[in-house]
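Chemist: compute the structure for the input listed below.
(one chain, ligands or ions: 1)
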Amino acid sequence: MPIDFPAPNLHGRDISRKLRERITQELLTGSGWMPFDQYMHQVLYDPELGYYHNGSQKFGSAGDFITAPELSGLFAQSLAEPIVNILAQMDDPVILEFGAGTGRLAEDLISVLNARSVNPRYYILETSAELRARQQSRLSATSTQVEWLEQLPTESFHGVVLANEVLDAFPAICFIKHGHETRPLGVQVEKGELAWAEGNAENTLSEMVEAIESRLGYVLPDGYRSEISPTRNAWITSIAGVMKKGAILTIDYGLTEREYYHEQRNSGTLACYFRHRMHHDPFLWPGLQDISTWVDFSACARAAKEAGLSVAGYTTQGQFLVNSGAIGKLDFTDSADAIQAAQSLKTLVLPGEMGERFKIMLLSRNLYLAPLPGRDFRGRI
Ligand SMILES: C[S@@+](CC[C@H](N)C(=O)[O-])C[C@H]1O[C@@H](n2cnc3c(N)ncnc32)[C@H](O)[C@@H]1O
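Modeler: As a prediction, this is how the structure comes out:
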């Protein structure tokens with residue numbers, strides 16, 4: 001364990017021990033190996049002990065990470081610009097937010113939209129019962145009625161789908177290259193501990209990696225490790241399947257395919273967060289740390305186009321926020337919180353912070369849209 005890691009409290013250790021024992025038992029009584037996406041799903045989403053379900057703090061300074069809407073209301077104000085434009089083209093405006101965390105983005109967005117006399121129905125689809133309860137208590141006082149959905153609407157959907165830092169939390173397949181062969185990476189028990197282990201080569205994964213290599217025009221080098229997340233493509237396809245008119249706005253840390261699978265990025269993008277320490281060990285305190293992988297936005301764009309959506313925008317979070325016009329409306333003069341507000345703004349837009357790592361992608365169907373504020377990077381996808 002890295003030396004500056006704070007120790008979890010007794011309750012946390014107990015949760016983590018139970019989850020580790022459960023997975024260990026499954027491995028020892030099963031085939032002895034589990035693919036990484038299955039492990040990631042279990043440690044994040046086990047209904048009782050998983051990170052997003054077990055009641056741990058997660059968000060904010062006392063938690064493990066901080067997201068853009070938690071940092072500043074500027075985020076919602078900036079998103080309101082394209083959203084108002086989209087909702088103006090709807091007879092019955094609807095927003096559907098996936099993975100709403102503490103509910104802060106919904107709260108801010110509803111307030112900004114209502115102030116502009118835009119009153120959409122607001123749906124939230126949240127897999128974590130614990131977070132849904134937090135959202136319900138926070139949003140009970142909002143004037144717009146918020147409704148929680150159990151699943152994507154099955155009838156035709158007209159509206160805006162919003163997902164901030166949700167796609168990075170989808171389970172990812174990890175792989176390693178050995179010459180021309182691709183092997184899945186997974187988990188086994190080694191000397192009583194959970195540890196990385198290679199699985200047997202299998203066709204579907206090999207074909208997915210070969211398709212990437214063929215688009216790139218080179219074979220990924222020996223020993224190269226990375227990730228791939230077909231569930232993100234499936235998410236886009238399933239929304240496109242019911243969206244008759246509308247848009248998906250997704251914001252996350254991510255790259256184009258060429259950047260993602262650059263030969264020098266040879267150990268992938270897997271990142272774990274525990275009390276604001278970023279590291280790369282997914283077996284440290286299972287159930288108590290967030291695990292994520294960066295988003296391949298080229299794969300998202302491809303899935304969208306295959307499902308009949310247009311890629312209406314792609315830029316960096318920094319470019320988007322700086323050019324959205326919302327910063328000019330911030331008042332730094334007489335607020336006691338001015339220093340904090342300026343600090344949050346820097347974190348959101350500076351290239352070394354969230355400004356360049358985070359991208360915003362707009363996918364649309366049957367809409368007339370102005371380009372997203374900021375430089376248009378669609379040519380790089
Ligand atoms: C990193 S948090 C981001 C929360 C919030 N969007 C924010 O920006 O603060 C990830 C969120 O996605 C939710 N989530 C993960 N997978 C999901 C899925 N398949 N459908 C809906 N929500 C999901 C988690 O429960 C959590 O609320």
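
Chemist: can you list the weak-confidence ranges in the stretch 51-200 of the chain?
Modeler: Counting by pLDDT under 70, the stretch 51-200 of the chain contains no low-confidence residues.

Chemist: which residue does it have closest to the ligand?
Modeler: Taking CB to the nearest ligand atom, the ligand has its nearest neighbour within the stretch 51-200 of the chain at residue 99, 2.3 Å off. For the C-beta atoms, the positions are set from N, CA and C on the backbone; glycine is no exception.

Chemist: how close does that residue sit to residue 162?
Modeler: 9 Å (CB to CB, to the nearest Å).

Chemist: out of these two, which sits in the busier spot?
Modeler: Neighbours were counted for residue 99 and for residue 162 using other CB atoms under 10 Å; residue 162 has more, 24 against 20.

Chemist: now stretch 367-376: buried residues?
Modeler: Residues of stretch 367-376 classed as buried: 367, 372, 373, 374 (neighbour count, 16 or more other CB atoms under 10 Å).

Chemist: just stretch 155-163 next, same as before
Modeler: For stretch 155-163, burial by neighbour count (16+ other CB under 10 Å) applies to 157, 158, 159, 160, 161, 162, 163.

Chemist: show me which pair in the residues you listed is furthest apart.
Modeler: Distance extremes for the buried residues of stretch 155-163: the farthest pair is 158 and 163 at 17.6 Å, using CB to CB.

Chemist: now do the lengthiest helix in the chain: distance to the chain's middle.
Modeler: Using DSSP state H to define each element, the chain has its longest helix at helix 10-29. Chain-centre distance of helix 10-29: 26 Å, with CA atoms, centre = their mean, to the nearest Å.

Chemist: who touches that helix?
Modeler: If you take CB atoms under 8 Å, 6 or more residues apart in numbering as the criterion, helix 10-29 is touched by 7-8, 33-34, 39, 42-43, 46, 49-50, 54, 56, 187-189, 192, 194, 285-288.

Chemist: can you say which of those are buried?
Modeler: Listed as buried from these are 8, 33-34, 39, 42-43, 46, 49-50, 54, 56, 187-189, 194, 285-288; burial here means 16+ other CB under 10 Å.

Chemist: for the residue nearest to residue 355 when sequence neighbours are not counted, what is the enclosing helix or strand?
Modeler: Sequence neighbours aside, residue 318 is the residue nearest to residue 355 in space, at 2.7 Å (criterion: CB to CB, 6 or more residues apart in numbering). Under the criterion of DSSP states H and E, residue 318 resides in helix 317-323.

Chemist: that helix close to the ligand?
Modeler: No: taking CB under 6 Å from any ligand atom as the criterion, helix 317-323 and the ligand are apart, separated by no less than 11.8 Å.

Chemist: just the buried residues of stretch 155-163: which are in strands?
Modeler: 157, 158, 159, 160, 161, 162, 163 (DSSP state E).

Chemist: OK, contacts around the third one?
Modeler: Yep, that's residue 159 we're talking about. Going by CB under 8 Å, 6+ apart, residue 159 touches 87, 90, 93, 94, 95, 96, 120, 246.

Chemist: top of those residues by number of neighbours, please.
Modeler: Within these, residue 246 tops the neighbour count with 28 neighbours, counted by other CB under 10 Å.

Chemist: confirm it sits in a helix?
Modeler: No: under DSSP: H, G, I helix; E, B strand; the rest coil, residue 246 falls outside any helix and is assigned strand.

Chemist: tell me where the stretch 251-381 of the chain has strands.
Modeler: 271-274, 277-279, 290-292, 295-296, 310-316, 358-365 (DSSP state E, counting those that start in this stretch).

Chemist: winner for burial among these?
Modeler: Mean neighbour count (mean count of other CB atoms under 10 Å) peaks for strand 295-296 among the strands of the stretch 251-381 of the chain, with a mean of 26.

Chemist: residues contacting that one, please?
Modeler: With CB under 8 Å, 6+ apart as the test, strand 295-296 has contacts from 167-168, 228-229, 232, 250, 252-257, 260, 359.

Chemist: now, which of these sits nearest the ligand?
Modeler: Minimum distance to the ligand across those is 7.0 Å, recorded for residue 168 (CB to the nearest ligand atom).

Chemist: distance check, the closest one against residue 289.
Modeler: To residue 289, residue 168 is 14 Å away according to CB to CB.

Chemist: one step back: list of residues touching the helix holding residue 318?
Modeler: Residues from elsewhere that reach helix 317-323 (CB under 8 Å, 6+ apart): 68, 74-75, 78, 251, 327, 348-351, 354-360, 372-375.

Chemist: same thing with stretch 363-380?
Modeler: Residues outside stretch 363-380 that contact it (CB under 8 Å, 6+ apart) are 78, 81-82, 85-86, 89, 236, 240, 243-248, 250, 256, 258, 300-301, 304, 308-316, 318-325, 359-360, 362.

Chemist: and the gap between residue 247 and residue 162?
Modeler: Separation of residue 247 from residue 162 (CB to CB): 9 Å.

Chemist: residue 304: neighbour count?
Modeler: Neighbour count for residue 304, taken as other CB under 10 Å: 25.

Chemist: check residue 328 too.
Modeler: Neighbours of residue 328 using other CB under 10 Å come to 6.

Chemist: and it, what pLDDT?
Modeler: Here the pLDDT value assigned to residue 328 is 75.

Chemist: ok, residue 336 next?
Modeler: We have a pLDDT of 65 for residue 336.

Chemist: would you confirm that residue 134 contacts residue 106?
Modeler: No: using CB atoms under 8 Å, residue 134 is not in contact with residue 106, being 11.4 Å away.

Chemist: who has more neighbours, these two?
Modeler: The residue with more neighbours, out of residue 134 and residue 106, is residue 106; 25 against 17, by other CB under 10 Å.

Chemist: wait, doesn't the more buried one sit right on residue 99?
Modeler: No: with contact defined as CB under 8 Å, residue 106 does not count as touching residue 99 (11.1 Å).
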